Structure formats: structure tokens, C-alpha cells
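>>> A structural model of the following input is requested.
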Amino acid sequence: MGSYKHAEYLYNNDIEVYGMIALDMIGYFSDEKNSQKYPLGILKMFYGNKGDFITVVRKFKDGKFASRTKRKFCRTDYLKVKSFQAPAHLTGIDFSDHINYWHFGYSAVFITDSGFFRNPNYHKSGDRLETLDMKRLSAVIDALFELLIKTQDSGKNNI
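Here you go, the predicted model:
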């Protein structure tokens, strides 16, 4: 996996990394009841049953970068954002490239629509561009862009 090799290279060469943001599975949304599933059924009580949000996922004790990114991304006006924090070994929290950075001790967040926990087309023949919500997918990118620009404009090199 390329992200593993990249994280390994950074680690082996003592390259400082403030943090990593993984965008993965960010385009499928549904306003229908019971369109959102979870790795643990109890989560429905906290996050609802509609797949109408994006989630910022981070592991416990993941440092300032993950905390600040989550806090600022969740303040977006572009779309509904929720956050989830759990042990790194929980099913679903480790389904993207950020896991490889965690492996080497780097702070990382995973921004996702929750993939197959929501999208019935995920990795199937129906997984096509026209099944994605381009407006909300674009809103995810706009929110990330705003987060990064505001950070840069503040004169700080951190989130």
C-alpha cells in the first residue's frame, strides 16, 4: 500500500509530520430513514439513522492535529458533520490510508461518508458516478479547503 510506504519513509528518515487527512468514501449521502448502518448498532442512538452527514474519525489520544482538525471541520456551514473517536482497532475506523500513519505514530484523521455502512453500491456494479451526491461531495472539499486556507492565512503552520 502506497500510504504505508510513504509513512514508513517519513518515519525512517525522521521527517516531522504534523498530521495527515485521509479523504475516503466522501460522496454518498441519503436523506432516507435507515440509510445509515454502523459497526455497532448502539451508535444509531447517537448519530441517527440517515446517511446525510460526513464523519471526521480519529482515534483516542491522537494529538493536537487530530483534535484541532476535528473541531474546526465540524464547524463548517457547508454540510452536516459529525465526529467519532474510538480505539484504532474498532472495525470501520481503520478502513483507509490514515491507519498507516497511525502505525508509525503520526496523528491522522479520516473524513468519510462511512462507505459500505451507508452506500449499498460500494464496490459493486452500481457504484457509479451518478449514484454520488456531487453537491455534498463538493461541500466536503470546500470545507476542507476553508480549513486549510484559514490555517494558512492565520500565519500558523498548524490546524
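
>>> now the strands: where do they sit in the protein?
Taking DSSP state E as the criterion, the chain contains strands spanning 20-23, 54-59, 81-86, 108-112.

>>> okay, those in TSV with mean neighbour count and mean pLDDT next?
No exception for glycine: its C-beta is placed from N, CA and C like everyone else's. What follows is those, written out as TSV (neighbours: other Cβ atoms under 10 Å; pLDDT from 0 to 100):
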stretch	mean neighbour count	mean pLDDT
strand 20-23	20	94
strand 54-59	24	93
strand 81-86	17	92
strand 108-112	26	94
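
>>> Take the ones you listed and write them to TSV, including distance to Phe145.
Compiled in TSV, the strands of the chain are given as follows (distance: least, Cβ to Cβ, whole Å):
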stretch	distance to Phe145
strand 20-23	12
strand 54-59	14
strand 81-86	14
strand 108-112	13
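
>>> Go through these and name the closest to Asp133.
With Cβ to Cβ, the closest approach to Asp133 among the strands of the chain belongs to strand 54-59: 10.7 Å.

>>> what residues does the closest one touch?
Residues outside strand 54-59 that contact it (Cβ atoms under 8 Å, 6 or more residues apart in numbering): 26, 47, 66-67, 69-70, 73-74, 79-88, 93, 98, 102, 108-114, 136, 140.

>>> Let's see that with 6 Å instead.
Here strand 54-59 makes contact (Cβ atoms under 6 Å, 6 or more residues apart in numbering) with 66, 70, 73, 81-85, 88, 93, 109-113, 140.
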